[in-house]
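>>> 3D model of this:
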Amino acid sequence: MLRIAVLAVLACLPGMSAHSQEGDPDGTVTLVATPRLVDPNYRGAVLLAVPVDNNRHVGVIINRPTGRSLSTLFPEHAPSKLVRDPVYFGGPMLPQAIFAVVHTDHTPGPGSIQMMKELFLAIQGAVVDHIIEDTPNEARYYVGYVAWRPGELRQEVDRGLWYVLEADPELVFRKDPARLWEELLRRARSVTAWAPG
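Numbers count the residues shown, from 1 in each chain. This is a model prediction of the structure:
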């Protein structure tokens, strides 16, 4: 069932390959929207973003729970009822598709993007289905994602739209993200911003 909803992702992410994160702790970053970023999709947003091929980046917004459960989105899919956390709004790209950020020591399946050590973004429907069925609460589920064209994220950072912090996988699974933006905004203002390559 979820497979059908997510198959469109592959057509929208041509040539995407995982960027190796081993030995590259600065590859994946936490992005904190600055007050200058007024787009309603990103105002007050915190994202986990990873570089992929051709100087592009992809990521998910990690502090926007939708208030909906996976089982309300897929009432006929019994394994979805086992997922405890709400579904999150991951971004405006493909908001009709379900993605998963999963904590695992190995790739969850084909097409998955390694974001950090033991943290993967699953984008293929069959892989997301498998995660829900086998390890439903070792992942956080998102509707939609964020994608930047080559060099676009650097331009946005240079324009002062994002603060860039070291990636922290613990933030992804935080139980109460309501104050996450304010907390990281204070932290970001006290450190030097880093621009993605």
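
>>> where's the residue most central in space within the chain, which helix or strand?
In the chain, the centroid-proximal residue (Cα atoms, centre = their mean) is V60; its distance is 2.4 Å. Following DSSP states H and E, one finds V60 within strand 56-61.

>>> and if you look at Y145?
strand 139-148.

>>> with I131 instead?
Per DSSP H and E: I131 is located in helix 125-134.

>>> now T30
strand 29-33.

>>> so which residues make contact with that strand?
The contact list for strand 29-33 (Cβ atoms under 8 Å, 6 or more residues apart in numbering) reads 42-49, 59, 161-168, 171, 181, 184-185, 188, 194, 196. Using the backbone N, CA and C atoms, a C-beta is placed for each residue, glycine as well.

>>> who does the helix or strand just after it touch, helix- and strand-wise?
On the C-terminal side of strand 29-33, the closest following helix or strand by DSSP H and E is strand 46-52. Judged by 3 or more Cβ pairs under 8 Å, 6 or more residues apart in numbering; DSSP states H and E, strand 46-52 is in contact with strand 29-33, strand 56-61, strand 113-116, strand 139-148, helix 169-172, helix 180-189.

>>> for these, give me JSON lines that also has mean pLDDT.
Output for those, formatted as JSON lines (pLDDT from 0 to 100):
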{"stretch": "strand 29-33", "mean pLDDT": "95"}
{"stretch": "strand 56-61", "mean pLDDT": "96"}
{"stretch": "strand 113-116", "mean pLDDT": "94"}
{"stretch": "strand 139-148", "mean pLDDT": "97"}
{"stretch": "helix 169-172", "mean pLDDT": "93"}
{"stretch": "helix 180-189", "mean pLDDT": "94"}
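
>>> tell me which of those sits most buried.
Greatest average neighbour count among the helices and strands packed on strand 46-52 goes to strand 29-33 (a mean of 26), per mean count of other Cβ atoms under 10 Å.

>>> direction included, what does it pair up with?
Note on strand 29-33: by DSSP bridges, its sheet partners are strand 46-52 (antiparallel), strand 162-166 (antiparallel).
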